[in-house]
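Q: using only what follows, build the 3D model:
(one chain, ligands or ions: 1)
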Amino acid sequence: MVTGQDDQLQADILEEAMKEAIKDPNLVSSILHNLGELGVQGQMGDATVANPERDASYITIYSTLDGTPSTILRSMAPKTLRKRLPSDNTVPREKRGQLAFSLVQNISPVVPEYPCILHPENPMREWLDGHGLLGKVCYKKLTSQFSVRRHVETRHKHENAQIKEEEATERDREYREYQRATVELLKERGRRAT
Ligand SMILES: [Zn+2]
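A: Next up, the predicted model:
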């Protein structure tokens, strides 16, 4: 429940909700519902926002930076919604210091499209299955190759070590085969020369 000390926050939330409602009138009822859930009271245009006394314990909020939804305890919402984006170069200039979360999703979230190395869609999947990682599957998709590497290093330490070792063994074997073939070739040439 947003308390009386949070007047500024209430005003900010209402102002933001108002802006969203103007952009898309279809959102008005869900905005009103969410505001009510939060115990935000006030006037939004012609609509009066009131607590509908619902007992839903969770609420979905959205990152104003990338649209990512998060489900949080309703009791945590006043605190979470008060968070602001940092005023540094980790944030685009126009968003610095702005509220970090919104009750409506006003940006399409970035769709993660890079599969974890253990994802069934990974082109290496067959190779992995044949090298002791059959059944070791992860369905996570991430937003960049870099994130995939970080994810694999932190979440799949054991599998990652195993993959590296299998790759090294394979390179080793290929190298020995190459060496043997080279030696054979040289011997063959030697025989022809005599
Ligand atoms: Zn994974």
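
Q: and the helix or strand harbouring residue 191, what's its mean pLDDT?
A: Using DSSP states H and E, residue 191 sits in helix 157-193. In this model, helix 157-193 has an average pLDDT of 91.

Q: next helix or strand past the lowest-mean-pLDDT helix or strand in the chain?
A: Sorting the helices and strands of the chain by mean pLDDT, DSSP states H and E puts strand 47-49 at the bottom, at a mean of 48. Per DSSP H and E, the first helix or strand lying C-terminal to strand 47-49 is strand 58-63.

Q: let me know the pLDDT of residue 14.
A: Residue 14 carries a pLDDT value of 73.

Q: and the pLDDT for residue 112?
A: With respect to pLDDT, residue 112 scores 82.

Q: which residues does it contact?
A: If you count contacts by CB atoms under 8 Å, 6 or more residues apart in numbering, residue 112 has them with 140-143. From N, CA and C alone the C-beta is placed, and that goes for glycine too.

Q: can you mark which positions in the helix holding residue 191 are buried?
A: Residues 159-160, 162-163, 166 are the ones in helix 157-193 that count as buried (16 or more other CB atoms under 10 Å).

Q: likewise for stretch 130-142?
A: 131, 133, 138, 140-142.

Q: wait, does it contact the ion?
A: Yes. Using CB under 5 Å from the ion, we find that stretch 130-142 touches the ion at 138, 140.

Q: what's the answer for stretch 160-169, then?
A: No. Judged by CB under 5 Å from the ion, stretch 160-169 stays clear of the ion, getting no closer than 9.9 Å.

Q: tell me which parts of the chain are close to the ion?
A: 116, 138, 140.

Q: what pLDDT does the last one get?
A: In the prediction, the pLDDT value recorded for residue 140 is 92.

Q: phi, psi of it?
A: phi -70, psi 140 (degrees, to the nearest 10).

Q: quick check: it touching residue 119?
A: Yes. Applying CB atoms under 8 Å as the test, residue 140 and residue 119 come out as touching, 7.0 Å apart.

Q: tell me how far residue 144 lies from residue 183.
A: Distance check for residue 144 against residue 183: by CB to CB, to the nearest Å, it reads 44 Å.

Q: try residue 112
A: When distances are taken as CB to CB, residue 112 and residue 183 turn out to be 49 Å apart.
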